[in-house]
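Enquirer: Please find the sequence and the predicted model below.
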Amino acid sequence: MNRMRVEDKSLPQAELATFAREAHEKICPYSHATRGNVDVTLEVIGA
């Protein structure tokens, strides 16, 4: 399993988690290419 760490102390935790999840699921070409083949856990650290 792979872990993607996203940290930004200037954003509230919930808002950052939403941004990270949407980027991972909808935008990131690497995530699209590996979907179904590589398990990824998001580790989000906000304010």
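Expert: Good, I have the coordinates.

Enquirer: neighbouring contacts of the helix or strand of the chain with the lowest mean pLDDT?
Expert: Ranked by mean pLDDT, DSSP states H and E, the helix or strand of the chain with the weakest confidence is helix 29-34, at a mean of 84. Residues external to helix 29-34 that are found in contact with it (Cβ atoms under 8 Å, 6 or more residues apart in numbering): 24-25, 40. C-beta here means a position set from N, CA and C on the backbone, and glycine is covered the same way.

Enquirer: Can you point out the buried residues in it?
Expert: Residues of helix 29-34 classed as buried by neighbour count (16 or more other Cβ atoms under 10 Å): none.

Enquirer: For Ala23, which three-state class applies?
Expert: Of the three states, Ala23 takes helix under DSSP: H, G, I helix; E, B strand; the rest coil.

Enquirer: In which helix or strand does the residue nearest in space to the middle of the chain reside?
Expert: Central residue of the chain (Cα atoms, centre = their mean): Ala20, 3.8 Å from the mean position. Of the helices and strands defined by DSSP states H and E, Ala20 is found in helix 13-22.

Enquirer: quick one: that helix to chain centroid distance?
Expert: For helix 13-22, the separation from the chain centroid amounts to 7 Å (computed by Cα atoms, centre = their mean, to the nearest Å).

Enquirer: Could you list every helix and strand in contact with that helix?
Expert: Where contact means 3 or more Cβ pairs under 8 Å, 6 or more residues apart in numbering; DSSP states H and E, helix 13-22 is packed against strand 2-8, strand 40-46.

Enquirer: Rebuild those as JSON lines, extending it with mean pLDDT, mean neighbour count and distance to Leu16.
Expert: Output for the helices and strands packed on helix 13-22, formatted as JSON lines (pLDDT from 0 to 100; neighbours: other Cβ atoms under 10 Å; distance: least, Cβ to Cβ, whole Å):
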{"stretch": "strand 2-8", "mean pLDDT": "91", "mean neighbour count": "12", "distance to Leu16": "5"}
{"stretch": "strand 40-46", "mean pLDDT": "91", "mean neighbour count": "14", "distance to Leu16": "4"}
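
Enquirer: Perfect, that will be all.
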